[in-house]
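> Take a look and give me a structure for this.
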Amino acid sequence: MAQPPILSWEGLSLHQGEGWLLNDLDLHIGPRDRLALIGRNGAGKTTLLKLIAGELAADKGKRTVVPGTRIVVLRQDPDFSEHDTLLDFALSGDDAPPRHEVEAVAGQLGIDMSRKAATASGGERRRAALARALASEPDVLLLDEPTNHLDLSAIEWLEDWLSRYKGAFVVISHDRTFLTRL
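Sure thing, here's the model as predicted:
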């Protein structure tokens with residue numbers, strides 16, 4: 001028996017530029033759903049993720065989220081500019097995950113979180129962002145190009161983590177192998 005959605009959009013519509021980017025879209029995310037958004041660059045995938053997260057207002061539609069549902073976003077290019085170290089980034093904000101959880105995930109990913117954010121590579125920044133997101137214990141995980149800048153071992157680790165993950169996730173990725181394995 002299918003479980004009711006924990007997050008839904010009914011009649012979602014967003015006007016951008018000279019027309020509708022989305023028009024009258026219904027989206028329902030169940031507690032263990034695995035969804036992939038695939039499309040060409042500039043098609044609106046990241047915008048849809050922001051709408052799902054509640055970070056962007058729609059022109060029409062009704063967003064419903066079960067109370068207590070924790071939604072966490074892994075951005076494609078998170079901003080590290082205000083943070084001294086990768087750990088500072090991972091523990092910033094009111095919604096920061098517990099330090100011990102961040103350190104546990106970071107250890108599995110093989111990342112030194114004391115690394116200076118300004119000199120960290122793209123792969124180190126991606127691992128730090130993953131440590132923050134995954135340590136946050138989300139009910140719905142929104143992943144925007146999660147394999148960018150990751151080496152094969154980190155991608156395999158992420159695939160394994162997501163295969164055991166008990167919540168729902170929505171992923172944007174151009175990595176067809178990654179999507180097929182999930």
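> element containing Lys50, please.
Assigned by DSSP states H and E, Lys50 falls within helix 45-53.
> Which neighbouring elements make contact with the next helix or strand after that helix?
Using DSSP H and E, the helix or strand that follows helix 45-53 towards the C-terminus is strand 60-65. In terms of contacts (3 or more C-beta pairs under 8 Å, 6 or more residues apart in numbering; DSSP states H and E), strand 60-65 is packed against strand 7-16. Every C-beta, even on glycine, is put in place using the N, C-alpha and C of the backbone.
> Strand partners (parallel or antiparallel) of the following helix or strand past the strand it packs on?
Using DSSP H and E, the next helix or strand after strand 7-16 towards the C-terminus is strand 19-29. Using DSSP bridges, strand 19-29 pairs in its sheet with strand 7-16 (antiparallel).
> Now do the partner strand and strand 60-65, the angle between them.
Relative orientation of strand 7-16 versus strand 60-65 (axes from the mean of the first three to the mean of the last three C-alpha atoms, to 10 degrees): 150 degrees.
> returning to that earlier point: helices and strands around the helix holding Lys50, which ones?
By 3+ C-beta pairs under 8 Å, 6+ apart, helix 45-53 packs against strand 7-16, strand 19-29, strand 34-37, strand 71-74, strand 140-144, strand 168-172.
> All set, thanks.
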